[in-house]
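Chemist: The following block contains a protein sequence and its predicted model.
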Amino acid sequence: MKDRSKLTTEKSNPSTVGIDRLSTLKIVELMNQQDALIADAVAGQKRQIAEAIDTVVESFKKGGRLFYVGAGTSGRLGVLDASECPPTFGVKPTMVQGIIAGGKRALVRSIEGAEDSKQAGRAALEKRKISSADVIMGIAACGITPFVHGAIGYARLIGCETIFLICAPQAISSINADVIINPVVGPEVITGSTRMKAGTATKLVLNTITTAAMIKMGKVYGNLMVDLRATNRKLEDRAQRILISVTGLSKPSAKKLLRKADGRVKAAIVMHYRKTDLPTAMNILKECGESLRTAIDKKYWND
């Protein structure tokens, strides 16, 4: 698209043209009013988000990975979501990965020119040795970032399933992806500053995709993150509370069992209900497809 001014993400917001003349309180109120539009915009894309989740789950079941690819705010949000999956769901850091134009340095310092190369986007995926089992998700609020399009184009050549998250409907015609998610949050409070509403919408969508995918992969029991590993004091406390909630054990007993389970909450729960040791509990979980609900439900027991 040659005329970027036509993009929703670049348009001036008529509700905020006088924002520089408002009191501090009025600025806060106006920004909050604009932020209130975001959840509905994301809800309008629920079917596309669900399709993306199912695509990711199928990839995970085949041993595939999810890669987020973006530049600037979009790239940082992808890296953030990916980095939070291991401590929350106990998965390997390679399962969900974030790629940002400009590399790690761009996480803390703007390197805006890095987004202008399609070849760089392709090269970033080549470096990760992607395969057809992987899912590549491009993130670009404006929908036209060359780095992201380069990555998506290469992913399709490899045979990967592709997802594209944008906030500008005008760019849809230029996107070639299996799933397009397009929450239209409207023009930004500050014209073109997509770290604001578009960034918030992006965070909501990414949270939903990885969380729902991990739920479908058996990483959650009820609404409890049972696959976490107690690697610091905060997580030790949370792990104990989860263990107590599921088993009814006393705090001292839960603490003792957690030590025997090497900090693995899910395994500790299986050890409690199946009256077994850690290696056996781990094998039971493997046989049950990592589903805790199946592992502790007596109707599925073979012994």
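Modeler: Received the coordinates, thanks. Numbering: from 1, shown residues only.
Chemist: and N32, how many neighbours?
Modeler: Around N32 there are 9 other residues, counting by other CB atoms under 10 Å. C-beta here means a position set from N, CA and C on the backbone, and glycine is covered the same way.
Chemist: For G248, the count of nearby residues, please.
Modeler: 10.
Chemist: And V79, by the same measure?
Modeler: Count around V79 with other CB under 10 Å applied: 19.
Chemist: Next: I190.
Modeler: 15.
Chemist: Might you report the residue contacts of it?
Modeler: Going by CB atoms under 8 Å, 6 or more residues apart in numbering, I190 touches 16, 19, 196.
Chemist: Just the pLDDT for it.
Modeler: Per-residue pLDDT puts I190 at 94.
Chemist: try T162
Modeler: At T162, the pLDDT value in this model is 98.
Chemist: Give me the buried subset of the contacts of I190.
Modeler: Restricting the contacts of I190 to buried positions leaves 16, 196, with burial counted as 16 or more other CB atoms under 10 Å.
Chemist: So which of the contacts of I190 sit within helices?
Modeler: Among these, none falls in helices (DSSP state H).
Chemist: so which of the contacts of I190 comes closest to A41?
Modeler: M196 (13.0 Å; CB to CB).
Chemist: Would you confirm that that closest one contacts T202?
Modeler: No - M196 is not in contact with T202 according to CB atoms under 8 Å; the separation is 10.8 Å.
Chemist: I136: which element?
Modeler: Using DSSP states H and E, the element containing I136 is strand 135-139.
Chemist: and the next element down the chain from that strand?
Modeler: Next element after strand 135-139 (DSSP H and E): helix 146-158.
Chemist: Partner strands of the next helix or strand after that following helix, with direction?
Modeler: Beyond helix 146-158 on the C-terminal side, the first helix or strand identified by DSSP H and E is strand 161-165. Taking DSSP bridges as the criterion, strand 161-165 sits next to strand 135-139 (parallel), strand 179-181 (parallel) in its sheet.
Chemist: could I get those as JSON lines with distance to R76, mean pLDDT and mean neighbour count?
Modeler: Formatted as JSON lines, the strands paired with strand 161-165 follow (distance: least, CB to CB, whole Å; pLDDT from 0 to 100; neighbours: other CB atoms under 10 Å):
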{"stretch": "strand 135-139", "distance to R76": "10", "mean pLDDT": "98", "mean neighbour count": "30"}
{"stretch": "strand 179-181", "distance to R76": "18", "mean pLDDT": "98", "mean neighbour count": "23"}
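Chemist: what would those strands look like in JSON lines with distance to V270?
Modeler: As requested, the strands paired with strand 161-165 are arranged in JSON lines below (distance: least, CB to CB, whole Å):
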{"stretch": "strand 135-139", "distance to V270": "30"}
{"stretch": "strand 179-181", "distance to V270": "35"}
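Chemist: Indicate which one of the ones you listed is closest to I215.
Modeler: The nearest among these, by CB to CB, is strand 135-139 at 16.9 Å.
Chemist: which residues are in contact with the closest one?
Modeler: Contacts of strand 135-139 (CB under 8 Å, 6+ apart): 52, 55-56, 59, 64-70, 74-75, 77-78, 125, 130, 145, 148-149, 151-152, 155, 160-165, 177, 202, 206, 209.
Chemist: Let's see that with 6 Å instead.
Modeler: For strand 135-139, the external contacting residues (CB atoms under 6 Å, 6 or more residues apart in numbering) are 55-56, 59, 66-70, 74, 78, 148, 152, 155, 160-165.
Chemist: for the helix or strand where R259 lies, what is the average pLDDT?
Modeler: Using DSSP H and E, R259 sits within helix 251-260. Throughout helix 251-260, pLDDT has a mean value of 94.
Chemist: For the stretch 1-150 of the chain, just list every one of the helices.
Modeler: Ranges of helices in the stretch 1-150 of the chain, per DSSP state H, counting those that start in this stretch, are 24-35, 38-43, 46-61, 72-89, 118-127, 146-158.
Chemist: Give the buried residues for the third one.
Modeler: By neighbour count, and taking 16+ other CB under 10 Å as the criterion, the buried residues in helix 46-61 are 48-49, 51-53, 55-57, 59-60.
Chemist: thinking again about what came up before, can you check which of the strands paired with strand 161-165 gets nearest to R241?
Modeler: Closest of these to R241 is strand 135-139, at 33.3 Å (criterion: CB to CB).
Chemist: ok, now how distant is the residue nearest to V148 when sequence neighbours are not counted from V91?
Modeler: Distances taken as CB to CB, 6 or more residues apart in numbering place G138 nearest to V148, at 4.1 Å, with adjacent residues excluded. Separation of G138 from V91 (CB to CB, to the nearest Å) stands at 22 Å.
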